[in-house]
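Undergrad: 3D model of this:
(2 chains)
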Amino acid sequence: DTEVTQTPKHLVMGMTNKKSLKCEQHMGHRAMYWYKQKAKKPPELMFVYSYEKLSINESVPSRFSPECPNSSLLNLHLHALQPEDSALYLCASSQASGGRGNQPQHFGDGTRLSIL
Amino acid sequence: AQKITQTQPGMFVQEKEAVTLDCTYDTSDPSYGLFWYKQPSSGEMIFLIYQGSYDQQNATEGRYSLNFQKARKSANLVISASQLGDSAMYFCAMRESAGGTSYGKLTFGQGTILTVHP
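TA: Have a look, this model is predicted:
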């Protein structure tokens, strides 16, 4: 079983809906990540939170809004999405490595999002 | 320019045989880490093995080993005694030193789909 839990596992929504993806980890990690992954492609980084502060936003459209309420939780709020936003959304966490780069990111099972 | 290159879109191996998945990388940073992940069709990214740029020995984790050739900038994954459950997409990834920040961005290769035949 994965130690990073993502809910829901599947989500179908219309382009005018508002929904949220949730991610939770209890490994004491202080860095958390959102990735978007299209079929048969590598994950693309969207956001990085480090110590509950947004550290990286990879020029993601504002219809995606991340939130880190505490060190264990990471949310991704969705609003007015487009059909091309249909993808697998992966959450990951890692220890704060101090820049040594030797801490793996641990991923959840992902949320499969379909936009109608 | 591609920082991580996986040249094998698909690989086939017979059950119980060994298989090597290729990965080359490009960086000017002296401090970096190389990771391999497995992604079954269910979607979860499973961490397999890590190699640091300063590590003197090749990493091993059970049936997984990493053939690290620093001068050639290659970090190939070797899976010994393949099992049917090894069928999945495999990604090579690199994390550079991130300028002293407390996290590191992963750069992924395009992936290799491994199919294990009985």
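
Undergrad: Give the pairing partners of the worst-scoring helix or strand of chain B on mean pLDDT; include direction for each.
TA: Here the helix or strand of chain B ranked lowest by mean pLDDT, DSSP states H and E is strand B:106-108, holding a mean of 91. Strand pairing for strand B:106-108, using DSSP bridges, gives strand B:88-96 (antiparallel).

Undergrad: what's the average pLDDT for the strand it pairs with?
TA: Strand B:88-96 comes out with an average pLDDT of 94.

Undergrad: which residues touch it?
TA: With contact meaning Cβ atoms under 8 Å, 6 or more residues apart in numbering or on different chains, strand B:88-96 is reached by A:40, A:42-43, A:101, B:3-4, B:6, B:21, B:23, B:25, B:27, B:29, B:31-41, B:45, B:48, B:75, B:77, B:104-109, B:111-114. In this view, the C-beta of every residue, glycine as well, is placed from N, C-alpha and C.

Undergrad: Can you report how many residues lie near A:Leu88?
TA: 20 (other Cβ atoms under 10 Å in any protein chain shown).

Undergrad: check which helix or strand covers it.
TA: strand A:87-94 (DSSP states H and E).

Undergrad: if you look at whichever helix or strand comes after that strand, does any of it touch chain B?
TA: For strand A:87-94, the succeeding helix or strand toward the C-terminus, using DSSP H and E, is strand A:106-107. Yes. Under the criterion of Cβ under 8 Å from any Cβ of the partner chain, chain B is reached by strand A:106-107 at A:His106, A:Phe107.

Undergrad: Bridged to the most centrally placed residue in chain A, which residues?
TA: Geometric centre of chain A, nearest residue: A:Trp34, 2.6 Å, by Cα atoms, centre = their mean. The partner list for A:Trp34 in beta bridges (DSSP bridges) reads A:Phe47, A:Cys91.

Undergrad: Average pLDDT for stretch B:73-85, rounded please.
TA: Rounded mean pLDDT across stretch B:73-85 is 97.

Undergrad: Check stretch A:93-113 too.
TA: On average, stretch A:93-113 scores 81.

Undergrad: Okay, now the unreliable bits of chain A?
TA: A:1-2, A:97-101 (pLDDT under 70).

Undergrad: Please repeat the previous calculation with a cut-off of 90.
TA: A:1-2, A:15-17, A:50, A:55-56, A:95-104 (pLDDT under 90).

Undergrad: Tell me where chain A has helices.
TA: For chain A, applying DSSP state H gives no helices.

Undergrad: can you list the residues of it near chain B?
TA: Counting by Cβ under 8 Å from any Cβ, chain A comes close to chain B at A:2, A:30-31, A:33, A:40-43, A:45, A:48, A:50-51, A:55-56, A:88, A:90, A:92, A:94, A:96-110, A:112.

Undergrad: Now with 7 Å, please.
TA: Contact residues (Cβ under 7 Å from any Cβ of the partner chain) of chain A with chain B: A:2, A:30-31, A:42-43, A:45, A:48, A:50-51, A:55-56, A:88, A:90, A:94, A:96-99, A:101-102, A:104-107, A:109-110.
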